[in-house]
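> Have a look at this fold, sequence not included:
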């Protein structure tokens, strides 16, 4: 089969999988307190797609949201034990000026690592986190079918000369790339990941939320948080749950990396503003994925205003980096590389 035809068929197959499996699923709002426990791309800013998402009218949990079975990694913390608490979980806003309305758009694509993040990391290692493991917390745009799992398969990606320096990070986190996170599922949002209903019944306690279970089982030193979907029009609730998630991750001794999103379904960028505000106030790494896709056609978003555009993960071909999925996988790898490197520096 000619290479051009094979390429077209692969793209069509990938597009079909995305459109069928990555549809945002609306979930009911829950109360987390019920759970017991070096490279950048061109930055050309142009207008965004604005589509509003309807609110939910039912509190029934869809059957499809029940997590798939996930293999346990080695030596998880037993349910009877609690992690060593990391100090200074509260935001550091008292020493930092507030952000301006549009300042979030100017944050760099790749994260910067603060002394506070390094302190969390070092305390986490003392409490038993693993320096060579990361976890993901997220919705359908974070499932292994499309996101990061390729780096555990040398035949699934091509770095190319410009990105060869990233291979050491791929090797360092080997096994984490394709691991099925208990806290990732199509339809998850910042509220549902706190609900024990959606946990892995084989690995988690009855009253343990997916995010708590993931942190206990995997014991990561870094956690990538990427939550695009939110059914409730009140973004303050999104931010409230996100802050509780960040607090929980830090309490387990892991460094959160917060990610902005490509879409603007809420119409006013309020979710990206909230994500950036939390990262800024907590002095945590921010991966500004929104900025990475601004130079792309339609800013990397499909006509439906939510799904991002597909392409091959061959980073040696600049044409592939005109699509959002390759850009997402590449800049996520760069973000983890930047954080891993930054955590090794002395305060």
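Arrived safely, thanks for sending. Quantities reported herein were computed from a predicted structural model and do not represent experimental measurements.

> C-alpha from now on. contacts and neighbour counts both.
OK.

> Show the contacting residues for residue 160.
Residue 160 is in contact with 314-317, counting by Cα atoms under 8 Å, 6 or more residues apart in numbering.

> Check the residues you listed for burial and list the buried ones.
314-316 (16 or more other Cα atoms under 10 Å).

> Identify, from the residues you listed, the entry nearest to residue 333.
Residue 333 has its nearest neighbour among the buried ones among the contacts of residue 160 in residue 315, at 11.8 Å by Cα to Cα.

> distance of the closest residue in space to that closest one that isn't next to it in sequence from residue 312?
Nearest residue to residue 315, sequence neighbours excluded (Cα to Cα, 6 or more residues apart in numbering): residue 159, at 5.2 Å. The gap separating residue 159 from residue 312 is 12 Å, by Cα to Cα, to the nearest Å.

> before we move on, what about residue 235?
34 Å.

> The two - which one has more neighbours?
residue 312 (20 against 17; other Cα atoms under 10 Å).

> Regarding that one, which helix or strand does it belong to?
No secondary structure element spans residue 312, as it lies outside all helices and strands (assigned by DSSP states H and E).

> isn't the residue nearest to residue 315 right next to residue 316, touching?
Yes. Assessed by Cα atoms under 8 Å, residue 159 is found in contact with residue 316 at 6.0 Å.

> Tell me how far residue 277 lies from residue 341.
In this structure, residue 277 and residue 341 are 24 Å apart, going by Cα to Cα.

> The two: which has the busier surroundings?
Legend: neighbour count by other Cα under 10 Å for residue 277 and residue 341, higher for residue 277 (20 against 12).

> isn't residue 285 right next to residue 256, touching?
Yes. Assessed by Cα under 8 Å, residue 285 is found in contact with residue 256 at 7.0 Å.

> Neighbour count: those two, which is higher?
When neighbours are counted by other Cα under 10 Å, residue 256 comes out ahead of the other of residue 285 and residue 256, with 29 against 26.

> about what we covered before: roughly how far does the residue nearest to residue 315 sit from residue 141?
Computed as Cα to Cα, the residue 159 to residue 141 distance reads 21 Å.

> cool, and residue 178?
Relative to residue 141, residue 178 is positioned 14 Å away (Cα to Cα).

> out of these two, which sits in the more crowded spot?
The neighbour comparison of residue 178 against residue 141 (other Cα under 10 Å) goes to residue 141, with 27 against 17.

> my read is the more buried one is in a helix, agree?
Yes. Secondary structure assignment places residue 141 in a helix (DSSP: H, G, I helix; E, B strand; the rest coil).

> do you know how far it is from residue 188?
Applying Cα to Cα, the value for residue 141 to residue 188 is 10 Å.

> Repeat that for residue 303.
Between residue 303 and residue 188 the distance is 22 Å, computed by Cα to Cα.

> These two: who's more crowded?
Taking neighbours as other Cα under 10 Å, residue 303 and residue 188 compare with residue 188 leading, 28 against 11.

> Backbone dihedrals for the more buried one, both of them.
Dihedral pair for residue 188: phi -60, psi 150, per degrees, to the nearest 10.

> I'd assumed residue 140 was in contact with it.
Yes. Using Cα under 8 Å, residue 188 and residue 140 qualify as a contacting pair, with a distance of 7.4 Å.

> who does the helix or strand encompassing residue 247 touch, helix- and strand-wise?
Secondary structure assigned from DSSP H and E places residue 247 in helix 235-251. Using 3 or more Cα pairs under 8 Å, 6 or more residues apart in numbering; DSSP states H and E as the contact criterion, the secondary-structure elements in contact with helix 235-251 are strand 255-259, helix 270-282.

> Columns distance to residue 169 and mean pLDDT on top of the ones you listed, output as a markdown table?
Converted to a markdown table, those look like this (distance: least, Cα to Cα, whole Å; pLDDT from 0 to 100):
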| stretch | distance to residue 169 | mean pLDDT |
| --- | --- | --- |
| strand 255-259 | 16 | 98 |
| helix 270-282 | 23 | 96 |
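
> Out of those, which is the most enclosed?
Mean neighbour counts were taken over the helices and strands packed on helix 235-251 using mean count of other Cα atoms under 10 Å, and the top value, a mean of 26, falls to strand 255-259.

> same for that strand, what does it pack against?
helix 115-127, strand 220-226, helix 235-251, helix 270-282, strand 286-287.

> Just checking: what are the partner strands of that strand?
Strand pairing for strand 255-259, using DSSP bridges, gives strand 220-226 (parallel), strand 286-287 (parallel).

> I'd guessed residue 286 sits against residue 276; true?
Yes. With contacts counted by Cα under 8 Å, residue 286 reaches residue 276, the gap being 7.0 Å.

> what residues do those two have in common as contacts?
With contacts defined as Cα under 8 Å, 6+ apart, the residues shared by residue 286 and residue 276 are 258, 260.

> Wait, a helix at residue 137?
No. The secondary structure assignment for residue 137 gives strand rather than a helix, going by three-state DSSP.
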